[in-house]
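> prediction below, plus the sequence it came from.
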Amino acid sequence: MTTLYVDADACPVKAEAERVATRHRLALKMVSNGGLRPSANPLVEMVFVPDGPDEADKWIAERVGKGDVVITGDIPLAAKCIEAGARALKHNGEVFTPANIGTILATRDLMADLRAADPFRQGGGRPFSKADRSRLLDALEREVRAALKEQ
């Protein structure tokens, strides 16, 4: 059975994930180290992991499998999910695939090296927008439908 996992720490699209899970009657696991408001939706399970780096990522990676869908901004977690046969996408709707995950991982590593080499380098990502939210909803709907077909 398809499960939707959300790497919920600092995730801006929790409500959208819940809406799609409800529409398709999917189990939704919101994984976080705390600070999330519980949902009254019976399809939503709030999973609280211990504090520590990557604890939510580890929890998801240990359980995800073929036919599942994961929303995460963590590229190494996305790579593990894809390796396990799941589908993964970023909060802005960018879909991770077996064809693009290697390049995305390499770019992430390169950017980390560049930031480490120049501690005064300014900048960061652009702010999350309404267009990002819309792209996420479209992409999540497509990925969930594709995952359900695999079942």
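Now that the structure is in, tell me what you want to look at.
> SS state for residue 91?
Applying DSSP: H, G, I helix; E, B strand; the rest coil to residue 91 yields a three-state assignment of coil.
> give the contact list for it.
11, 12, 13, 71, 72, 73, 128, 132, 136 (C-beta atoms under 8 Å, 6 or more residues apart in numbering). Any C-beta I mention is one placed from the backbone N, CA and C, and that applies to glycine too.
> Produce a ChimeraX select command limited to the buried residues of the residues you listed.
Buried residues within these, by 16 or more other C-beta atoms under 10 Å, are selected in ChimeraX with:
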select :11,13,71,72,73,132,136
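> least confident pick among the contacts of residue 91?
Within the contacts of residue 91, pLDDT reaches its minimum at residue 128, with 83.
> was I right about it contacting residue 92?
Yes: at 7.0 Å, residue 128 and residue 92 qualify as touching, with contact defined as C-beta atoms under 8 Å.
> quick one: the strands in the protein, in order.
For the chain, the strands defined by DSSP state E cover 3-7, 27-32, 44-48, 69-71, 87-89, 95-96.
> hey, which of those strands is tucked in deepest?
When the strands of the chain are scored by mean count of other C-beta atoms under 10 Å, the highest mean neighbour count falls to strand 69-71 (a mean of 28).
> for residue 71, which non-adjacent residue is closest in space?
In space, not counting the residues next to it along the chain, residue 71 is nearest to residue 6; the distance is 4.8 Å by C-beta to C-beta, 6 or more residues apart in numbering.
> that neighbour and residue 17 touch, don't they?
Yes: with contact taken as C-beta under 8 Å, residue 6 and residue 17 are classed as touching, separated by 5.0 Å.
> can you pull the residues that touch both of the two?
Counting by C-beta under 8 Å, 6+ apart, the contacts common to residue 6 and residue 17 are 28, 30, 71.
> TSV please, covering those residues and showing distance to residue 88.
Formatted as TSV, these follow (distance: C-beta to C-beta, whole Å):
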residue	distance to residue 88
28	15
30	16
71	8
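> now the strands of the chain as a markdown table including distance to residue 77?
A markdown table is the format used below for the strands of the chain (distance: least, C-beta to C-beta, whole Å):
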| stretch | distance to residue 77 |
| --- | --- |
| strand 3-7 | 6 |
| strand 27-32 | 10 |
| strand 44-48 | 14 |
| strand 69-71 | 7 |
| strand 87-89 | 8 |
| strand 95-96 | 10 |
